[in-house]
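*Asks:* turn this into a structure:
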Amino acid sequence: MKTLLVLTLLFCVGLTVFAKRTTEPEPTDEPEPEPEFDCDNCILFTTVIKDLVEDEIPLDEVERDADRLCGVLPGDLREYCEDNLPPKVDRIDGQLQEHTPQEVCENLDLC
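*Replies:* Numbering: from 1, shown residues only. Coordinates of the predicted model:
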């Protein structure tokens, strides 16, 4: 239950970041800058995983709740979530033993 609560908080933050990204006008003459969306959400999700693991929540429970959470997200955010978050829980957890959330996300090419 605690996992679902934390992932729901993650969902709310993700929606906020996603809403900001979709309302900004795109530049016409310049190449589009690398969005901070992936990096910010990766760091947030990685930090949540770190906290849950420290609270001794099993990774399979974290993955299951993340899958359920992704399933209720709208459109592009759902696709992003399904592609980038639950499938990487094991890799993220393994890297968190020796790296910060920022470093993990850089290693995953999301920052």
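
*Asks:* for the residue nearest to residue 39 when sequence neighbours are not counted, what are its contacts?
*Replies:* Sequence neighbours aside, residue 111 is the residue nearest to residue 39 in space, at 3.8 Å (criterion: C-beta to C-beta, 6 or more residues apart in numbering). For every residue, glycine as well, the C-beta is placed using N, CA and C. The contact partners of residue 111, taken as C-beta atoms under 8 Å, 6 or more residues apart in numbering, are 38-39, 42-43, 102, 105.

*Asks:* following the helix or strand that residue 42 is a member of, which helix or strand comes up?
*Replies:* In this assignment (DSSP states H and E), residue 42 forms part of helix 37-54. Under the assignment DSSP H and E, the closest C-terminal helix or strand after helix 37-54 is helix 59-71.

*Asks:* next helix or strand past that following helix?
*Replies:* Past helix 59-71, further along toward the C-terminus, the next helix or strand under DSSP H and E is helix 75-84.

*Asks:* for that following helix, packing partners?
*Replies:* With contacts taken as 3 or more C-beta pairs under 8 Å, 6 or more residues apart in numbering; DSSP states H and E, helix 75-84 sits against helix 2-23, helix 37-54, helix 59-71.

*Asks:* which residues does it contact?
*Replies:* Contacts made with helix 75-84 from outside it, assessed by C-beta under 8 Å, 6+ apart, are listed as 14-15, 18, 37-38, 41-42, 66-67, 69-73, 110.

*Asks:* show me the shaky parts of the protein.
*Replies:* Within the chain, the segments meeting pLDDT under 70 span 1-35.
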